[in-house]
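Student: need coordinates for the following:
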Amino acid sequence: MKKFVLAAALTAAASTAFAGSMAEPVIEAPVIVEEASSSSAGGVLVPLVLLAVVAAVASN
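Tutor: As a prediction, this is how the structure comes out:
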């Protein structure tokens with residue numbers, strides 16, 4: 001019985017010794033998501049075009 005307990009203790013100790021490895025961990029590069037930037041004149045362009053169309057129609 002003593003040999004069985006000793007074997008079980010050594011097996012338990014050896015299993016924790018082989019749990020890791022000496023290899024360097026693989027670190028993945030972070031994913032960078034670039035958001036599409038809109039033009040700062042995007043909100044002004046449509047009213048200016050509409051004003052130009054109204055001015056062209058009014059001049060005829």
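
Student: distance of residue 34 relative to residue 43?
Tutor: Distance of residue 34 to residue 43, given as C-beta to C-beta, to the nearest Å: 22 Å. Any C-beta I mention is one placed from the backbone N, CA and C, and that applies to glycine too.

Student: that should have said residue 13, apologies.
Tutor: 70 Å.

Student: now tell me which helix or strand of the protein has the poorest mean pLDDT.
Tutor: Least confident helix or strand, the chain: helix 2-17 with a mean of 78, by mean pLDDT, DSSP states H and E.

Student: what is the subsequent helix or strand relative to that one?
Tutor: Later in the chain than helix 2-17, the nearest helix or strand by DSSP states H and E is helix 42-59.

Student: please save the CA atoms from that following helix in PDB.
Tutor: The C-alpha trace of helix 42-59 is given here as PDB (Å, rounded to 0.1, in the frame of the first residue of the first chain):
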ATOM      1  CA  GLY A  42     -19.800  66.600 -46.900                       C
ATOM      2  CA  GLY A  43     -22.600  68.400 -45.100                       C
ATOM      3  CA  VAL A  44     -22.100  71.700 -47.100                       C
ATOM      4  CA  LEU A  45     -21.800  70.300 -50.600                       C
ATOM      5  CA  VAL A  46     -25.500  69.200 -51.100                       C
ATOM      6  CA  PRO A  47     -27.000  72.600 -50.100                       C
ATOM      7  CA  LEU A  48     -24.500  74.400 -52.300                       C
ATOM      8  CA  VAL A  49     -25.400  72.300 -55.300                       C
ATOM      9  CA  LEU A  50     -29.100  72.800 -54.600                       C
ATOM     10  CA  LEU A  51     -28.500  76.600 -54.300                       C
ATOM     11  CA  ALA A  52     -26.700  76.600 -57.700                       C
ATOM     12  CA  VAL A  53     -29.500  74.700 -59.300                       C
ATOM     13  CA  VAL A  54     -32.100  77.100 -57.900                       C
ATOM     14  CA  ALA A  55     -30.000  80.100 -59.100                       C
ATOM     15  CA  ALA A  56     -29.700  78.600 -62.600                       C
ATOM     16  CA  VAL A  57     -33.400  78.000 -62.800                       C
ATOM     17  CA  ALA A  58     -34.200  81.500 -61.500                       C
ATOM     18  CA  SER A  59     -31.900  83.200 -64.000                       C
END
